[in-house]
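Peer 1: pasted the sequence and its predicted model underneath.
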Amino acid sequence: MKSLILAIVRSLVDQPDQVQIKEVVGEHAHVLELRVAKEDLGKVIGKGGAHATAIRTLMAATSGKEKKRYILEIIED
């Protein structure tokens, strides 16, 4: 899951080398903390949250196969 999100986000931003994902494993869910450069935050979220929603939809579809719950948190650096 981490590599999928990393590939998607790196293709959206201007500074792909500053994209970082940290996975926090919990009892019921895995939280993916996504950090991007301040200038790229809008590109990751998208107009009206469209990009963030699409990424979360892909995560939900993929997580069904893995039988795990994933949560995406976008953190501004």
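Peer 2: Structure received. Numbering: from 1, shown residues only.
Peer 1: any stretches of the chain with poor pLDDT?
Peer 2: Judged by pLDDT under 70, the chain has its weakly predicted residues at 77.
Peer 1: can you pull the contacts of Glu76?
Peer 2: By Cβ atoms under 8 Å, 6 or more residues apart in numbering, Glu76 lies in contact with 35-36, 38, 41. Just so you know, the C-beta spots here come from the backbone N, C-alpha and C atoms, and that holds for glycine as well.
Peer 1: wait, I meant Met59
Peer 2: In this structure, Met59 makes contact with 1, 4-5, 32, 70, 72, judged by Cβ under 8 Å, 6+ apart.
Peer 1: including neighbour count, distance to Ile45 and secondary structure, could the residues you listed go into a markdown table?
Peer 2: Below are the contacts of Met59 laid out as a markdown table (neighbours: other Cβ atoms under 10 Å; distance: Cβ to Cβ, whole Å; DSSP: H, G, I helix; E, B strand; the rest coil):
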| residue | neighbour count | distance to Ile45 | secondary structure |
| --- | --- | --- | --- |
| Met1 | 17 | 19 | coil |
| Leu4 | 12 | 18 | helix |
| Ile5 | 21 | 14 | helix |
| Leu32 | 20 | 15 | strand |
| Tyr70 | 18 | 18 | strand |
| Leu72 | 19 | 11 | strand |
